[in-house]
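J.: coords please:
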Amino acid sequence: MEPIFNYLKADILPDNIAEARRIKTKAAKFCILYGKLYKKSFTGPYLRCVTNREAYDVLKSLHHEECRNHSGTRSLSNRAITAGYYWPTMRTDSQNYVKLCDKCQQFTTVSHLPPESTNKTIVNTLKKRLEAEKSEWVEKRPEILWSYRTTPRRSTGETPFSHVYGSKAGILIETRLATARSENSNEELDHLDERRDRAALRIQSYQQQIARHYNKKVWARVFKINNWVLRQVFQNTREEGVGKLGLTWEGPYQTTDVVGRGAYKLRGLVGRELHNSWNALHLKQYHF
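T.: Residues are numbered from 1 along each chain as shown. Take a look at the predicted model:
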């Protein structure tokens, strides 16, 4: 939160345009009072922004010392907000603190997470219902959308609904007859930034996993200068009037320069340079 404090106090921004824009957007939720950084809370009072060391002292006081009650992760982070404190990783730090608490580990209940294959069961059930009542797909559409919007995504760990609105989806009756969960919805909004940042990191990690899985099957084509290669024939480079029996590779060409990651400049047999560079995906080694 130091970049936000520096921006609000002295209008200091990083040179990176994207990072500067991000800080400006986040700074709208903060203000400086008596030389300290405060966050505007959805629950009412301003929240004092604390450092990592101060955050540990807050959690220790609420969980172990004079205010102790050995509550769970959600309750502990919400109590920190009620006490008037804020830091970006409240929910994560509360989870780690409770996880390392000796008494909480001894008296915790055994939780059984639902298997991920449950999602497949839901999807298959929806497909069966649509196949059995194809003419009533309009009536089934709200149910399908509700299931989709309230099912956590593997890439983010959050439901699409909570990722957009900052809280779990509720039923219509809760708008008229409030429950304890709906009464605490504003406290959930104070954790929205942390949940979105965590989802962004999870998406990045998920994309890296997909890339590693894909790259295992990719055979990289690397050529050296003066190697002879054949170039793939495309529709715009194919001779007119040639049907399916035409050439699929043409050349040979000689590589003259590496102009980028996997891109090469080519020269024909008569020494004529080709204007465009060609990716290695569309080239293959030519053997004399």
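
J.: Looking at the protein, which helix is longest?
T.: Longest helix of the chain, by residue count under DSSP state H: helix 192-215.

J.: contacts for that one?
T.: Among residues not part of helix 192-215, those counted as contacts by Cβ atoms under 8 Å, 6 or more residues apart in numbering are 26, 29, 88-92, 154-158, 162-163, 166. Yep, even glycine has a C-beta here, placed from its N, CA and C like the rest.

J.: same deal with stretch 26-35?
T.: Here stretch 26-35 makes contact (Cβ under 8 Å, 6+ apart) with 1, 4-5, 7-9, 37-40, 46, 49, 193.

J.: Going through the residues you listed, which ones are buried?
T.: Using 16 or more other Cβ atoms under 10 Å as the burial test, those include 1, 4, 5, 7, 37, 38, 39, 46, 49, 193 as buried.

J.: Does residue 41 touch residue 82 like I think?
T.: No - look at residue 41 against residue 82 with Cβ atoms under 8 Å: they stay out of range, at 9.8 Å.

J.: what about the two, which has more around it?
T.: A count of neighbours by other Cβ atoms under 10 Å puts residue 41 above the other of residue 41 and residue 82, at 18 against 15.

J.: name the helices or strands packed onto whichever helix or strand residue 75 is part of?
T.: Using DSSP states H and E, residue 75 maps to helix 73-82. In terms of contact count using 3 or more Cβ pairs under 8 Å, 6 or more residues apart in numbering; DSSP states H and E, helix 73-82 is assigned the packing partners helix 52-63, helix 90-100, helix 185-189.

J.: could you give the mean pLDDT of that helix?
T.: For helix 73-82, mean pLDDT rounds to 81.

J.: For that helix, give me every contacting residue.
T.: With Cβ under 8 Å, 6+ apart, helix 73-82 has contacts from 41, 43, 47, 58-59, 62-63, 67, 71, 86, 90-91, 93-95, 97-98, 184, 187, 190-191.

J.: go with 6 Å
T.: Helix 73-82 has contacts (Cβ atoms under 6 Å, 6 or more residues apart in numbering) with 58, 62, 63, 90, 91, 94, 95, 98, 187, 190.

J.: How many residues are close by the closest residue to the third one other than its chain neighbours?
T.: Leaving out its chain neighbours, the residue that sits closest to residue 63 by Cβ to Cβ, 6 or more residues apart in numbering is residue 76, at 6.0 Å. Neighbouring residues of residue 76 were enumerated by other Cβ under 10 Å; the total is 23.

J.: Equivalent analysis for the one 3 residues further on, please.
T.: For residue 79, the number of neighbouring residues by other Cβ under 10 Å comes to 19.

J.: Kindly report the same for residue 212.
T.: 9.

J.: any low-confidence regions in the stretch 51-200 of the chain?
T.: 65-70, 102-141, 163, 166, 170-187 (pLDDT under 70).

J.: now with 80?
T.: Applying pLDDT under 80 to the stretch 51-200 of the chain flags the ranges 64-74, 101-158, 160-195.

J.: where exactly do the strands run in the stretch 151-288 of the chain?
T.: 228-232, 249-260, 263-267, 278-279, 283-285 (DSSP state E, counting those that start in this stretch).

J.: Can you list the helices and strands that the fourth one packs against?
T.: Strand 278-279 is packed against strand 263-267, with contacts defined by 3 or more Cβ pairs under 6 Å, 6 or more residues apart in numbering; DSSP states H and E.

J.: what does the longest one give?
T.: Under the contact criterion of 3+ Cβ pairs under 6 Å, 6+ apart, the helices and strands touching strand 249-260 comprise strand 228-232, strand 263-267.

J.: Take these and write them to JSON lines, including mean neighbour count, mean pLDDT and distance to residue 256.
T.: Converted to JSON lines, the helices and strands packed on strand 249-260 look like this (neighbours: other Cβ atoms under 10 Å; pLDDT from 0 to 100; distance: least, Cβ to Cβ, whole Å):
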{"stretch": "strand 228-232", "mean neighbour count": "18", "mean pLDDT": "89", "distance to residue 256": "11"}
{"stretch": "strand 263-267", "mean neighbour count": "19", "mean pLDDT": "91", "distance to residue 256": "5"}
